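Colleague: any chance you could fold what I've pasted below:
(2 chains)
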Amino acid sequence: MTATLDINGKAVTVKADPETPLLWVLRDELGLTGTKFGCGMAQCGACTVHVNGDPVRSCVTPIAALSGAKIATIESLGGQHPLQQVWVKHDVPQCGYCQSGQIMSAAALLAQTKSPSDEDIDNAMSGNICRCGTYQRIRAAIKEAAGLAAAPTVAAPPAAARPVASNDVDDEIAAASGSTSRGVGQ
Amino acid sequence: MNAPFKTPSPQDGVSRRDVVVGAALVGGALLVGCSPADLMSAGSKVDVGAFGPFIRFDPDGAVTVLSKHIEFGQGNHAGLAAIVAEELDADWSRVKVVHAPANAKLYGNKGLGIQLTGGSSAISNSWEQLRTAGAGARAMFVQAAATKWNVPAGEITVKDSVVGHVSGKSAGFAELIPDAAKIKPPEAPLLKDPKTFTLIGTDRVRRKDSLIKSTGQARYTQDVQLPDMLVAVVAHPPRFGATVKSFDADAAKKVAGVVDVHQIPTGVAVVADTTFAARMGREALKVEWDEGKAETRSSATIAQQWRDIAAGKGPTDLKWEAFDSKGDAAAASAGKGASVFETTYDFPYLAHATMEPMNCVAVVDGNHVKLIHGSQAQTLDQMAAAKIVKALPGSVEVETLYAGGSFGRRANFQSDYVAECVHVAQKVGGGRPVKLIWTREDDMRAGYFRPLVHHAVRVTLDEDGYPATWRHRIVSQSIMKGSPMPAKGPDQTAVEGASGSPYLKATPIVDAQLALPEAGVPVLWWRSVGATHTAFVMEHTIDQLARKAGKDPVDYRRALYAKAGSQGARHLAVLNLAIEKAGPASAAGWTRGVAVHESFGSVVAQVAEVKLVDGHPRVGRVVTAIDCGVAVSPDQIAAQMEGGTCYGLSAALYGEITLTDGAVDQSNFDTYRVLRMNEAPTVETYIVPSANPPSGVGEPGTPVIGPAVANALLAISKAPTTRLPFVRTEA
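Modeller: Numbering: from 1, shown residues only, chains lettered A, B, ... in the order given. Have a look, this model is predicted:
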């Protein structure tokens, strides 16, 4: 038995049983491993792909339900997508395993809501778990990608104020250590 | 090429001594006269290049740093590469990082002797080693240029991978590699004065893996696909300690794609062409378990037994060990009335719940094993695999991949899931690759939890309101008991953070003891280990003592740090920095809680702003100050404070694994709740300037938020927290 799916703009013929979740067809049959397995029951969002532009958990979506649908995976973004650029700029990833799903959820959000509020971001992103806790950088990156000024809930202190010089430390290192305000209050 | 560094040359074969050593290891004994690293590396084949085990050059001059430590989120690859690049004066934009192969002698953790990433030690144990490696390679380029140009080496400069001379001559690394590779490296190259660092400590030290982790290209164990590879899932018993009595594989083998079914020590493995087929096969499998030796207690029963033990009602043969003791112990139990403060704390089992569940790829052909996985403890994984196939540990090849988080889970003395994969691959045999996949449910129920822990604390205050006596009892399963690295004295993983506390230092009479009863639940370190509970107990107790004494909790801490002398100096500095940066008042509606804790050589203070939303704590702004010695990568330190805070807050709010009659109740993120975007705090990070060598960063940000929140709740409601998590579905 075969089925034809529209994945990343290409018609793809797959052999998997119709009840097979899309996730395993992408990963095991098509080698599109950017989409991750995290929970298998739509709890964590690591497997998020787009189906006709909507974010969908591929781990619970059998391919039988996808006839004629346009499926897009992280691989379709190409590496230069605005979200991928700001993800790199903010050094969002830590272990990185959830980030494909995070970016796909964020991409669907921005496609539908050009200037998302904090509440919009919470609503769109709370289905995606990150155990490393990169949430505040994700929020900052989404806002930047949306062309919003990153508006932290508290004012980031001036960079120069970050280190506190004391008498028994090396001032050079001190100055260098405090030369960044990235990651602060964002 | 020369082999300029004093490292073992690649072994073409296995020497007779190695065979003897290997036999001894296989038999479980250790051979006297060999270093552990020698033993573990026996049979290893690693090519060390001219510039030593940590640095390679591409012909075009690009630098590759070999990291002995796995990157699973900590950002250590950025820091490790920066240390090399700094001393080498390499062009940072042309530095890459890869995982080193497995070899305990070349790539052992300097603090442990085996190859293992843990204890927040990646940067600290590599600091001198990688500075020396970078400076040594730099000296080789300098000498090569000096010889080539016939000028004194002292007149040579290096900047951004370009070697230059005052005369105007210059050459890139690429041009000089062939000559430099022939130079004998200095035994002790001159290291830079930290004042001249141009990369370390700057915001230029950025992750090298952000792009591939934003495009889905980063390669994890889950993504490994090899020709002819089979996927395995394993049916595990419902209770710890149970074993297979019998199984019926007929239905499983009829599932399309299922190739075979094998009994292994940990259960019954279904191997199939695809992950989905393997999982369907396991659903069709029928297994009967022998639960004769299984742990059948409920976690509530275990918790009650721990409480009884602390109250002196435990088994008479259970040993108590002192971890801090001074003055007249009897006095710590004496005294009555208003000056006495007494409380207890209960902490649940916790799962690590990494985003990528445990998994491994193994290829077994006879007694040759290759492992491809996110190995946190290459040496332990080698030993476990070698024991199964009866080979030399060093002969086990390990290709270390990125891992989707660990938080301690991927390093354990049994190498549990790695050994399981090797058993399956051995049954499959013939060198056919096997990828073992654990589902979320497998992962959640497999144990290796943070232990269930109970503390009982009794403090008497002196006439000024400060602790005069401190009696402390900790009851926990031991992480180290039965391991190849048994504890000398009290198991530090159970007491660290209470042991060494400046508050105990400031108290004249201390009677602090530990009991380690047994349970059949596998337990393990979990991000920040002992501090996951000791930080909570010490910091929440201090706030309660301050209130009892009628003093401000921050001033109370300052006074105790002063009493503790040098042991409290760094605590005082981070506390003052966090308080200063937090500013005079929280936003309207928010209440502050403060906590300070030292772990892995670093001290962290946090001011957390908390309010109650629908009766549950909500954390907003968290001002964090850390003293971690020299800050190699400030932005990654901030990232670890942000992430560590979320990890600690997730556990404090929701984390709890429970057992009913020995079976784990939780199975997935629907029953093991974790922190999500809408609950995430905003963490600000401030780094205390320091010229001390780097200390830990990955873990110290985790244990402080729990007590900071508890202290805020204490301020809000006057009710102390005696049990975690804060949010429970049942009493």
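
Colleague: is stretch B:373-384 positioned near chain A?
Modeller: No: on the criterion Cβ under 8 Å from any Cβ of the partner chain, stretch B:373-384 is out of touch with chain A, staying 9.1 Å away. All C-beta spots, glycine's among them, are computed from the backbone N, C-alpha and C.

Colleague: export that stretch as CSV, just CAs?
Modeller: This file holds the C-alpha atoms of stretch B:373-384, laid out as CSV (Å, rounded to 0.1, in the frame of the first residue of the first chain):
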residue,chain,number,x,y,z
HIS,B,373,24.9,8.1,21.1
GLY,B,374,24.9,11.2,23.3
SER,B,375,27.4,9.7,25.7
GLN,B,376,27.8,11.6,28.9
ALA,B,377,30.1,9.1,30.5
GLN,B,378,32.1,7.5,27.7
THR,B,379,34.3,5.5,30.1
LEU,B,380,31.3,4.1,32.0
ASP,B,381,29.6,3.3,28.7
GLN,B,382,32.7,1.6,27.5
MET,B,383,33.0,-0.5,30.6
ALA,B,384,29.4,-1.5,30.5
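
Colleague: tell me the average confidence for it?
Modeller: Computed over stretch B:373-384, the mean pLDDT rounds to 97.

Colleague: give me every residue in the stretch 101-250 of chain B lying close to chain A.
Modeller: Contact residues (Cβ under 8 Å from any Cβ) of the stretch 101-250 of chain B with chain A: B:194-197, B:200-203, B:206-207, B:209-218, B:220, B:222-223, B:225, B:231.

Colleague: now, of those, which are buried?
Modeller: With burial judged by 16 or more other Cβ atoms under 10 Å in any protein chain shown, the buried subset of these is B:194, B:197, B:200-203, B:206-207, B:209-218, B:220, B:222-223, B:231.

Colleague: now do the SS call for the residue of chain A found nearest chain B.
Modeller: Using Cβ to the nearest Cβ, A:G34 is the residue of chain A that sits closest to chain B, at 1.9 Å. Following DSSP: H, G, I helix; E, B strand; the rest coil, the label given to A:G34 is coil.

Colleague: quick one: low-confidence parts of chain B?
Modeller: Where chain B drops to pLDDT under 70, the residues are B:1-34, B:730-731.

Colleague: how about it: which residue is closest to chain A?
Modeller: Residue nearest to chain A within chain B: B:G216 (1.9 Å; Cβ to the nearest Cβ).

Colleague: after the longest helix along chain B, which helix or strand is next?
Modeller: The longest helix of chain B (DSSP state H) is helix B:122-149. Following helix B:122-149 in sequence order, the next helix or strand is strand B:156-159 (DSSP states H and E).

Colleague: for that next one, list the C-alpha coordinates in PDB.
Modeller: The C-alpha coordinates for strand B:156-159 follow below in PDB (Å, rounded to 0.1, in the frame of the first residue of the first chain):
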ATOM      1  CA  ILE B 156      56.800  37.200  16.700                       C
ATOM      2  CA  THR B 157      53.200  38.100  17.300                       C
ATOM      3  CA  VAL B 158      50.000  36.100  16.700                       C
ATOM      4  CA  LYS B 159      46.600  37.600  16.100                       C
END
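
Colleague: need the contact partners of that strand.
Modeller: Identification of contacts with strand B:156-159 by Cβ atoms under 8 Å, 6 or more residues apart in numbering or on different chains yields B:L88, B:D89, B:R138, B:F141, B:V142, B:A145, B:A146, B:V163, B:G164, B:H165.

Colleague: kindly report the residues of the stretch 451-600 of chain B close to chain A.
Modeller: Going by Cβ under 8 Å from any Cβ, the residues of the stretch 451-600 of chain B near chain A are B:A573, B:L577, B:E580, B:K581.

Colleague: highest neighbour count among those residues?
Modeller: Top of these by neighbour number is B:L577, holding 24 neighbours under the definition other Cβ atoms under 10 Å in any protein chain shown.

Colleague: that residue is in what secondary structure piece?
Modeller: Here B:L577, judged by DSSP H and E, is contained in helix B:566-582.

Colleague: burial measure for the residue of chain A closest to chain B, as a count.
Modeller: When neighbours are counted by other Cβ under 10 Å, A:G34 registers 23.

Colleague: for the one 5 residues further on, same thing?
Modeller: A:C39 is surrounded by 26 other residues when neighbours are defined as other Cβ under 10 Å.

Colleague: so what's it up against?
Modeller: By Cβ under 8 Å, 6+ apart, the neighbours of A:C39 are A:A46, A:C59, B:R440, B:N668, B:F669.
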